[in-house]
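**Q** A predicted structure for the sequence below; I have some questions about it.
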Amino acid sequence: GLHVALVAAVVGAFAPLAALGAAAIMAPERLADLTAEQLGWLCWASNGCPSIDHRDLYAALGLSRYSSPADVRRAYRAISLANHPDKLVGPELTEEEREARVELFKRAAAAYEVLSKPGAQAEYDSQLKSNKGVRPELLDLVPRGVACGMLLLFWLVSTVTQWREAGHQQKARKEQFRKHVLSKGPLNLRAIGLKSREPLEAYARSGEMPLIVRNDRLEVAELRRLLREGGVALEEPDPSAEQTVVRSTRG
């Protein structure tokens, strides 16, 4: 029903990111042969990292890996001077050229913002060295994929536990109604379509009992359906009777 559809939607939204993060950890060589475009599409489809092609910070600045902090500053300054949006004015540039150069500036600015923080470049270099099989673009995806996988697993376990508890509660309510019938509890026989309670008591000794919660017309109909399937002969319910299964007085 609705709960199953909700679970399927959540799993469909988050499982790809968890799977991609797991692949980046356990089988990075499977991702190493992908082109940047293929990896970008894969991550987009996985709700993973929209800026996946921005995450090779040195490449965004036009540098090779492990460049010095001074090289990083110089590269960013050169890109900024040539491509800052405020400098891209005049009719000599087409709109496409302007957008491409602004995008180049944004990538460089994002990379410089990370690498210029105290200790950040050394930490990034350490990540590159300790994860030689992992593409730089995936370094930020790994922890997010792991976190997503753990959260998804926790949510699934919690959901299954809640479903099981709900199932136990429903079973307990059905058994409660069975005891109610067998202990001569009050029933609305006119609404059910019975002249006496004996057929219902005989059915209750072995048949499947309905879930009585709201004690309304729908639950009367469900009880009648189960009784018919169990071979109990029913009359047409009295339309003037209150449409409830359990009466407040003995019937």
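**A** Done, it's in. Residues are numbered from 1 along each chain as shown.
**Q** quick one: the helices in the stretch 151-251 of the chain?
**A** 189-192, 198-204, 217-229 (DSSP state H, counting those that start in this stretch).
**Q** so which of the ones you listed is nearest S64?
**A** Nearest to S64, of all those, is helix 217-229, at 71.1 Å by Cβ to Cβ. C-beta coordinates here come from the backbone N, C-alpha and C atoms, glycine included.
**Q** quick one: contacts of that closest one?
**A** With contact meaning Cβ atoms under 8 Å, 6 or more residues apart in numbering, helix 217-229 is reached by 188, 191-193, 199-200, 203, 207-213, 234, 237, 243-245.
**Q** go with 6 Å
**A** Contacts to helix 217-229, defined as Cβ atoms under 6 Å, 6 or more residues apart in numbering, come from residues A191, E208, P210, I212, L234, Q243, V245.
**Q** and stretch 162-181, by the same measure?
**A** By Cβ under 6 Å, 6+ apart, stretch 162-181 touches L200, E201, A204, M209, L211, I212.
**Q** for those, give me CSV that also has pLDDT.
**A** Output for those, formatted as CSV (pLDDT from 0 to 100):
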residue, pLDDT
L200, 95
E201, 95
A204, 94
M209, 93
L211, 92
I212, 92
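**Q** farthest pair in those residues?
**A** Longest distance between any two of the contacts of stretch 162-181 is 18.8 Å, between E201 and L211; criterion Cβ to Cβ.
**Q** pLDDT at the closest residue in space to K87 that isn't next to it in sequence, what is it?
**A** In space, and not counting its chain neighbours, K87 is closest to L81: 7.3 Å by Cβ to Cβ, 6 or more residues apart in numbering. pLDDT for L81: 92.
**Q** residues near L81, how many?
**A** As a burial measure, L81 scores 10 neighbours (other Cβ atoms under 10 Å).
**Q** give me the element it is part of.
**A** Under the criterion of DSSP states H and E, L81 resides in helix 69-83.
**Q** got the angle between the next helix-or-strand element following that helix and helix 69-83?
**A** Note on helix 69-83: by DSSP H and E, the next helix or strand toward the C-terminus is helix 95-115. Angle, helix 95-115 to helix 69-83, by axes from the mean of the first three to the mean of the last three Cα atoms, to 10 degrees: 160 degrees.
**Q** can you name the next helix or strand after helix 95-115?
**A** That would be, after helix 95-115 and using DSSP H and E, helix 120-130.
**Q** what residues sit buried inside that following helix?
**A** Across helix 120-130, burial judged by 16 or more other Cβ atoms under 10 Å covers Q121, Y124, D125, L128.
**Q** what angle do helix 69-83 and it make with each other?
**A** 110 degrees.
**Q** just checking, what packs against helix 120-130?
**A** Contacting helix 120-130 under the criterion 3 or more Cβ pairs under 6 Å, 6 or more residues apart in numbering; DSSP states H and E is no other helix or strand.
**Q** at 8 Å instead, please
**A** helix 95-115 (3 or more Cβ pairs under 8 Å, 6 or more residues apart in numbering; DSSP states H and E).
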